[in-house]
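In: Any chance you could fold what I've pasted below:
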Amino acid sequence: MAGRKDASDETPLCERCGDVIGVYEPMIRVVDGSPVRTSRAAQDAARENGDGPAFHADCYDRSLRE
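Out: Just a heads-up that it's a prediction; the model follows:
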């Protein structure tokens, strides 16, 4: 159906702060329990799996220090 969006089209929100993760911002995607440092632009280009929780890289790093 034209114009229909699926889950892969949704803009990810940071699990820690709730803000939108920008296309070129460094982000952490947790895949199978392991953190993967990437960006939305890199994920789109590589067509990586985007099913795990997403974090701004800074938010993820801060959560490790707390």
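
In: and after the worst-scoring helix or strand of the chain on mean pLDDT, which helix or strand comes next?
Out: When the helices and strands of the chain are scored by mean pLDDT, DSSP states H and E, helix 40-46 comes last with a mean of 69. Once the chain leaves helix 40-46, the next helix or strand it forms, by DSSP states H and E, is strand 54-56.

In: which residue is nearest the centroid of this protein?
Out: Nearest to the mean C-alpha position of the chain, counting by CA atoms, centre = their mean, stands residue 54 at 3.6 Å.

In: check contacts around that residue.
Out: 12, 13, 14, 15, 21, 27, 28, 29, 30 (CB atoms under 8 Å, 6 or more residues apart in numbering). Quick note: C-beta positions are derived from backbone N, CA and C, even for glycine.

In: and the gap between residue 28 and residue 41?
Out: Computed as CB to CB, to the nearest Å, the residue 28 to residue 41 distance reads 15 Å.

In: Give me the more crowded residue out of the two.
Out: Neighbour tally, residue 28 and residue 41, criterion other CB atoms under 10 Å: the higher count belongs to residue 28, 25 against 12.
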